[in-house]
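J.: Structure for the following, please:
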Amino acid sequence: MDISKQIDEFGMGSRHAAALRAVLEQYTPLVDVKPGYISVRPEGRRIAAYFNKTFTDVVVDPLQVDTVAVQNPGTNAQPKRTSTTAYLRVPGSAVSSTRLVELVLTALARQEAGTRWGGESSRSEVAADLAGQQCQTCWTELSVSGACLCDD
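T.: As a prediction, the model looks like this:
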């Protein structure tokens with residue numbers, strides 16, 4: 001089935017549907033349609049965003065998620081975080097579809113540069129930025145790949 005038709009049938013808000021369509025025009029992510037969400041991710045990488053019917057959860061740098069939430073009024077940092085993943089919840093009318101596209105494209109780029117499934121880490125700017133930082137959950141020092149004690 002055509003993804004555009006699946007987006008229509010899914011029933012998400014018009015602003016988020018427009019943002020998802022725009023992301024698909026600017027990037028070629030893998031798209032997975034599930035009963036509760038539509039996810040997008042780079043091939044061979046982790047999910048970058050979950051589009052739900054009334055909100056979208058976007059992967060954000062865990063060291064920046066609170067700042068990103070403040071910069072985008074109406075959004076909020078999700079309490080579940082690890083040293084390598086945090087989510088910004090974007091309710092239906094919190095930001096413009098253009099801003100949501102920017103957030104999702106940034107998340108796709110971040111995931112593309114990050115760790116592959118199975119824990120194979122690449123040498124990326126993201127990993128280099130996390131090395132030596134402290135996990136905001138367990139307060140241990142992050143490895144070069146961004147892993148900590150929470151990830152076990």
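
J.: Check the protein for its longest helix and report it.
T.: Criterion DSSP state H: the longest helix present in the chain is helix 97-113.

J.: list the buried ones in that helix?
T.: 97, 99-108, 110-112 (16 or more other CB atoms under 10 Å). All C-beta spots, glycine's among them, are computed from the backbone N, C-alpha and C.

J.: Let me have the residues you listed in a markdown table, adding distance to Lys34 and pLDDT as columns.
T.: Converted to a markdown table, the buried residues of helix 97-113 look like this (distance: CB to CB, whole Å; pLDDT from 0 to 100):
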| residue | distance to Lys34 | pLDDT |
| --- | --- | --- |
| Ser97 | 22 | 94 |
| Arg99 | 25 | 96 |
| Leu100 | 20 | 96 |
| Val101 | 21 | 97 |
| Glu102 | 24 | 96 |
| Leu103 | 21 | 96 |
| Val104 | 17 | 97 |
| Leu105 | 22 | 96 |
| Thr106 | 23 | 93 |
| Ala107 | 18 | 94 |
| Leu108 | 18 | 95 |
| Arg110 | 22 | 88 |
| Gln111 | 18 | 89 |
| Glu112 | 22 | 89 |
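
J.: Mind putting these into TSV with distance to Leu24?
T.: Listed next are those as TSV, based on distance: CB to CB, whole Å:
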residue	distance to Leu24
Ser97	13
Arg99	17
Leu100	13
Val101	10
Glu102	15
Leu103	15
Val104	10
Leu105	11
Thr106	16
Ala107	14
Leu108	11
Arg110	18
Gln111	16
Glu112	16
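
J.: which of these sit farthest apart?
T.: Ser97 and Glu112 (22.1 Å; CB to CB).

J.: and Thr82, which of the three is it?
T.: Look at Thr82: counting by DSSP: H, G, I helix; E, B strand; the rest coil, its state is coil.

J.: Specify which member of the buried residues of helix 97-113 is nearest to Thr54.
T.: Of the buried residues of helix 97-113, the one sitting nearest to Thr54 (CB to CB) turns out to be Leu100, at 13.3 Å.
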